[in-house]
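Student: compute the structure for the input listed below.
(chains A and B)
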Amino acid sequence: MARKKREAGEINAGSMADIAFLLLIFFLVTTTMDIDSGLLRRLPPMPDEHQKQDDAKINRRNIMVVLLNSRDHLSAGGQPMDIKLLKNAVKEFVRNPTEDPQKAEKEIKTVEGLGSYPVSKAVISLQNARGTSYDAYIKVQNELVAAFNELRDELALAQFGKVYTRLSVDQQQTVRKAIPQNISEAEPVDVDANKK
Amino acid sequence: MAKFERKDKNKLAAISTASLPDVVFMLLFFFMTVTTLRETEQLVTVKLPEASQAAKIERKDLTSYIYIGTPVLGYQQQMGTNARIQLNDAFREVSDISNFITAERETVKEDDRELMTTALKVDVNVRMGIVSDVKQELRRCNALRVFYSSTKAGTE
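Tutor: Just a heads-up that it's a prediction; the model follows:
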């Protein structure tokens, strides 16, 4: 289908820019830039009223109490602590390399993909007052998550030669089983009540 | 300086604007890809806290949002300046959360209900009292997966 050669008339593209601007402005107005990121946490299920409190099951030495009072002062394991030191204190508590009887127990368990591994029984109990600021609370949460993430990274590097986030799903599960993230934020306790 | 001497000659060639649409489209596509549509109107001001360990949310479609913060200026006369809870497009109380969660559950397929997450978008200056109340209410509704929204700060 050979056509007669003739000059194609030029389409006026001048208003194209206006249309594009209109679309652009529409998207600018209706959208937000924020990517949703944050800390994922699992709340403990509501205790059954008929069921007795089973706190006693956990040995005292396995619980590290992290307190945050209404003036945002932090104390961990019974002594005041700076937030910068919290991460290492938690790691030390969970790992307990010297088998300190004051720190968490370990239990030899068979973990799929690892064989037998001393799994720490440590539970970090985070308690805060009603007057604690959310900022301080998230900072502490962040440090706790960081401590566990670092422990997992260390194990992942030693076992699989990669950091935790780069492992396959199965390997991640193995590491998660070997280092469970037990952060309890059970009933809100009024931390300040017993100090007054 | 010779160029500036032709002032009186107003026969300047028009600048071609043919590539202007391309530039604008490029901007448009940039914004379309990096942004997300805003679902609700913000009634409370929320400045998220920073956390270095923040991870991305996995399933956005399974996430319901609870905003807690001080009301925006326009609403301060009615609602005061204390921290308030916003669900969807309105101010709500802690007791309304269970209805909200049930309604959110209805919108999700049964298989996915386990994975439903509640994202708490809480202002940094909010006190934990109201957050604890919300958390207790979520436990009561058995919505146990919570997500503390925070902006990602540089790692060390």
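Student: okay, now the unreliable bits of chain A?
Tutor: Scanning chain A with the threshold set as pLDDT under 70 gives A:1-5, A:13, A:32-35, A:48-58, A:186-196.
Student: find the nearest non-adjacent residue to the residue nearest to the spatial centre of it, please.
Tutor: When chain A is reduced to its mean C-alpha position, the nearest residue by CA atoms, centre = their mean turns out to be A:Val145, at 4.1 Å. Leaving aside its sequence neighbours, A:Val145 sits nearest to B:Gln53 (CB to CB, 6 or more residues apart in numbering or on different chains; 4.4 Å). Every residue, glycine included, has its C-beta placed from N, CA and C.
Student: what about the helices in chain B?
Tutor: Secondary structure of chain B (DSSP state H): helices at B:20-34, B:76-79, B:97-106, B:128-140.
Student: ditto for chain A
Tutor: A:16-30, A:83-95, A:134-160, A:169-178.
Student: can I get the CA coordinates of the last one in CSV?
Tutor: Once non-C-alpha atoms are left out, helix A:169-178 reads as follows in CSV (Å, rounded to 0.1, in the frame of the first residue of the first chain):
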residue,chain,number,x,y,z
VAL,A,169,13.3,-18.5,54.0
ASP,A,170,14.2,-21.9,55.5
GLN,A,171,17.5,-20.7,56.9
GLN,A,172,15.8,-17.7,58.3
GLN,A,173,13.4,-19.9,60.1
THR,A,174,16.3,-22.0,61.5
VAL,A,175,18.0,-18.9,62.8
ARG,A,176,14.7,-17.6,64.3
LYS,A,177,14.2,-20.9,66.1
ALA,A,178,17.8,-20.9,67.5
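Student: which residues does A:Thr110 contact?
Tutor: A:Ser116, A:Tyr117 (CB atoms under 8 Å, 6 or more residues apart in numbering or on different chains).
Student: A:Ser184 too?
Tutor: So A:Ser184 contacts A:Pro44, A:Val123, A:Ile124, A:Ser125, A:Leu126 (CB under 8 Å, 6+ apart).
Student: what bits of chain B have low per-residue confidence?
Tutor: Where chain B drops to pLDDT under 70, the residues are B:1-11, B:37-39, B:154-156.
Student: swap in 90 and give it another go.
Tutor: Chain B contains residues with pLDDT under 90 at B:1-66, B:69-119, B:121, B:124-156.
Student: just give me the longest strand of it.
Tutor: Ranked by residue count and defined by DSSP state E, the top strand of chain B is strand B:63-71.
Student: most neighbours among the contacts of A:Ser184, which one is it?
Tutor: Among the contacts of A:Ser184, A:Ile124 has the most neighbours (other CB atoms under 10 Å in any protein chain shown), with 25 neighbours.
Student: before we move on, the earlier item: strand partners of the longest strand of chain B, parallel vs antiparallel please.
Tutor: As defined by DSSP bridges, the strand partners of strand B:63-71 come to strand B:44-45 (antiparallel), strand B:84-87 (antiparallel), strand B:117-122 (parallel).
Student: residues in contact with A:Lys162?
Tutor: When contacts are counted by CB under 8 Å, 6+ apart, A:Lys162 touches A:Ala156.
Student: cool, and A:Leu67?
Tutor: Shown in contact with A:Leu67 (CB under 8 Å, 6+ apart): A:Leu74, A:Ser75, A:Ala76, A:Gln127, A:Asn128, A:Val191.
Student: let's see that with 10 Å instead.
Tutor: A:73-78, A:80-81, A:125-129, A:132, A:140, A:189, A:191-192 (CB atoms under 10 Å, 6 or more residues apart in numbering or on different chains).
Student: what subset of these is buried?
Tutor: A:74, A:76-77, A:81, A:125-129, A:132, A:140, A:189, A:191 (16 or more other CB atoms under 10 Å in any protein chain shown).
Student: was I right to think B:Val94 contacts B:Asp133?
Tutor: Yes. Contact criterion CB atoms under 10 Å: B:Val94 and B:Asp133 qualify, at 4.8 Å.
Student: between the two, point out the one with more neighbours.
Tutor: B:Asp133 (18 against 13).
Student: ok, that one to chain A distance?
Tutor: Between B:Asp133 and chain A the computed distance is 8 Å (CB to the nearest CB, to the nearest Å).
Student: re earlier: need the max-distance pair from the contacts of A:Ser184.
Tutor: A:Pro44 and A:Ile124 (13.0 Å; CB to CB).
Student: what sits in contact with each of the two?
Tutor: A:Ser184, A:Glu185.
Student: and residue 105, what does it touch?
Tutor: Unless you meant another one, I'm taking chain A. A:Asn59, A:Arg61, A:Asn62, A:Asn96, A:Glu99, A:Pro118, A:Val119, A:Ser120, A:Lys121, A:Ala122 are the contacts of A:Glu105 under CB under 10 Å, 6+ apart.
Student: my bad, chain B
Tutor: B:Ser64, B:Asp112, B:Arg113, B:Met116, B:Cys141, B:Asn142, B:Ala143.
Student: same check, this time on A:Ile83
Tutor: Going by CB under 10 Å, 6+ apart, A:Ile83 touches A:Leu68, A:Asp72, A:Leu74, A:Ala76, A:Ala136, A:Lys139, A:Val140, A:Asn142, A:Glu143.
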